[in-house]
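**Q** Sharing a model prediction with you, sequence too.
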Amino acid sequence: MADTILSAAAKHPKPEDKSFKYGTAGFRMKANLLDSVVFRVGLVAALRSRKLSGQTIGVMITASHNPPEDNGVKLVDPMGDMLEASWEGYTTILANAPDAEVEGVYHKLETELNINPESPARVIYARDTRPSGPTLVTALVDGLKAARAEYTDYKLLTTPQLHYLTRCINTEGTPQSYGVVSEKGYYEKLGAAFARAIKGKKISGPVIVDCANGVGGPKLTELLKYLPKALEGGIDIKVVNNDVLRPESLNHECGADFVKTKQRAPPSSKAGPNDRCCSLDGDADRLIYYFTDPEHGFRLLDGDRIATLAASFIGDLSREAGLADELKIGVVQTAYANGASTKYIVNGLGLPVVCTPTGVKHLHHAAKNFDVGVYFEANGHGTVVFSPQALKAFNTKSPESPAQAGALETLRALTDLINQTVGDALSDMLLVETILAHKSWTPREWDLTYTDLPNRLVRVEVTDRYMYKTTDAERKLVEPAGLQEQIDGLVKKFKDGRSFARASGTEDALRVYAEAATRAEADDLASKVAALCKQY
Ligand code: 16G
Ligand code: MG
């Protein structure tokens, strides 16, 4: 078997002078540079599965909100979590080995990690709609074959669907079973849970869903078949930007990242005043809501808003269910969360907030320390995770009144509706729709819960982004020495000022975020901090 890896690696040569790093989004770059990387990810997936005695590992080929010519690849652990951190390092090592050494490095990892080469290796994979996907799948399969893994091709899926399936496979037939192992099983689970969650409530008007011309479009269209229809007291979903036949349209002037960073609706939007709109990103793991207020113009309801909405709803339900004292509910955010949202959660909702570094794995991990852990990045990626104790309480508490029974049933429905493996735009959208229906809120009423501080995010080109090292969940720089003191000095001059700088984990740049009492001050603070950082 040994020379199989050697000869297969030769068919997928590594571009010379190129080094790769498994970062917050796995490997992501121009698709034509990824062939060798994806091949080697196939090898790592097999090793990881063998290390875990044949539990199934997921591989997703996607570049999310990046332009169509990019692609990416990431690994999913058995419970649907992001790949364990130490394995990011092993994956990076294998990705950077010269072609002739791949086999040696593979066996070295096998020995060092104490992996039995005779253990079974099982892998499932899927991809988004990018034209480069099928070729990269070929490279992946060559890697899986060379490592003698069993594999299943799930073809086109959203990223969260692959996370869901990975967990389903690994829990099948156990008390922790997460659902039927099929794409249809996913739709049936969400559809049934949504029907239960909105029972007796009315969803007002349609919701317009911008699918970024990505894989979310066909998948949402499929999901619709499993949802209660508007005429039967269900939901009226209008799917837009659902063109997966013109690859160049993917994420082009539409999608969650466009809406969040440009702070405006996609130019193609035909939504009228107060129409409820939302956007997914290219692999449907981010969700952003918005509407146009006739008086105040475009209004963004981002990940912070979804987190506060979910936390307030689940907090209320737990109280109604008589479980408030038993369950620890908390919210996890990053430094990008608007200061007004943090204040609202702590002072308005009376819930604790934890801040972690950027990247889903950090938030997810911290959320697990609560019984109900609500986590969202401001960019719209997030979900809610429930502890075994919370699930047990929802399922076993005997209600003392019809109101308590109702609250418990809604909580149980939510645990099925919410994708607990990872942020899932389709599931999150049904969650938001459920909550708005329960509260009888329009987007405007949702928007009025608190007022965002004006903020600005700028991308700064620097010679070496690795020079900038942070602490305190990326809110403070420790290197270069002296820079943080200067930023602090600037921030003090602005009312409600806050600013931080951190190196991007996905591109060669520094990001500077600033917020302040007025738009002009936020812009001014951001550009001053950016200029300061550039000097170093
Ligand atoms: C990745 C992360 C996302 C984060 C973003 C930050 C995952 C699955 N995705 O897309 O959560 O917000 O990176 O990018 O963790 P940046 O480091 O370039 O600012
Ligand atoms: Mg994404």
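**A** It's in. Just so we're clear, the structure is a prediction, and the values are computed from it rather than from any experiment. Residues are numbered from 1 along each chain as shown. Ligands and ions are numbered 1, 2, ... in the order given.
**Q** what kind of secondary structure is Leu300 in?
**A** When classified by DSSP: H, G, I helix; E, B strand; the rest coil, Leu300 comes out as strand.
**Q** Are the host helix or strand of Val432 and ligand 1 in contact anywhere?
**A** Using DSSP states H and E, Val432 sits within helix 425-439. No - applying C-beta under 6 Å from any ligand atom, one finds that helix 425-439 is not in contact with ligand 1, the shortest distance being 12.7 Å. The C-beta positions use only the backbone N, C-alpha and C, and glycine is treated the same way.
**Q** near ligand 2, anything from that helix?
**A** No - for helix 425-439 and ligand 2, the contact criterion (C-beta under 5 Å from the ion) is not met; the two come no nearer than 8.2 Å.
**Q** And the next helix or strand past that helix?
**A** Downstream of helix 425-439, the first helix or strand assigned by DSSP H and E is helix 443-447.
**Q** buried sites along stretch 373-387?
**A** 373-387 (16 or more other C-beta atoms under 10 Å).
**Q** residue boundaries of the helices in the stretch 1-150 of the chain?
**A** 2-11, 35-51, 85-96, 102-112, 133-146 (DSSP state H, counting those that start in this stretch).
**Q** now the ones you listed as JSON lines including mean neighbour count and distance to ligand 2?
**A** Compiled in JSON lines, the helices of the stretch 1-150 of the chain are given as follows (neighbours: other C-beta atoms under 10 Å; distance: least, C-beta to the ion, whole Å):
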{"stretch": "helix 2-11", "mean neighbour count": "16", "distance to ligand 2": "30"}
{"stretch": "helix 35-51", "mean neighbour count": "27", "distance to ligand 2": "18"}
{"stretch": "helix 85-96", "mean neighbour count": "18", "distance to ligand 2": "18"}
{"stretch": "helix 102-112", "mean neighbour count": "17", "distance to ligand 2": "29"}
{"stretch": "helix 133-146", "mean neighbour count": "21", "distance to ligand 2": "15"}
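**Q** got CSV for the ones you listed, with mean pLDDT too?
**A** As requested, the helices of the stretch 1-150 of the chain are arranged in CSV below (pLDDT from 0 to 100):
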stretch, mean pLDDT
helix 2-11, 86
helix 35-51, 98
helix 85-96, 97
helix 102-112, 98
helix 133-146, 98
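**Q** Which one, of those, ends up nearest to Leu220?
**A** Across these, Leu220 has its closest neighbour in helix 133-146 (19.0 Å, C-beta to C-beta).
**Q** Neighbours of Arg246, how many?
**A** A count of neighbours around Arg246, defined by other C-beta atoms under 10 Å, yields 10.
**Q** Okay, angle between the helix or strand where Thr292 lies and helix 425-439 too, please.
**A** Using DSSP H and E, Thr292 sits within strand 287-293. Relative orientation of strand 287-293 with respect to helix 425-439: 50 degrees, computed using axes from the mean of the first three to the mean of the last three C-alpha atoms, to 10 degrees.
**Q** Get me the contact residues on this protein for ligand 2.
**A** 64, 281, 283, 285.
**Q** quick one: the strands in the stretch 101-250 of the chain?
**A** Residue ranges of the strands in the stretch 101-250 of the chain, as given by DSSP state E, counting those that start in this stretch, are 122-127, 150-156, 207-210, 237-240.
**Q** Reformat those strands as TSV; add distance to ligand 1 and mean pLDDT.
**A** Formatted as TSV, the entries for the strands of the stretch 101-250 of the chain read as follows, by distance: least, C-beta to the nearest ligand atom, whole Å; pLDDT from 0 to 100:
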stretch	distance to ligand 1	mean pLDDT
strand 122-127	15	98
strand 150-156	19	98
strand 207-210	19	98
strand 237-240	24	97
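**Q** Just put those strands in CSV and tack on mean neighbour count.
**A** Compiled in CSV, the strands of the stretch 101-250 of the chain are given as follows (neighbours: other C-beta atoms under 10 Å):
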stretch, mean neighbour count
strand 122-127, 26
strand 150-156, 15
strand 207-210, 24
strand 237-240, 17
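**Q** do you know which of these lies nearest Asp488?
**A** Using C-beta to C-beta, these put strand 207-210 closest to Asp488, at 39.5 Å.
**Q** what residues does that closest one touch?
**A** 220, 235-241, 254-255, 259, 266, 269, 271, 275-280, 429, 433 (C-beta atoms under 8 Å, 6 or more residues apart in numbering).
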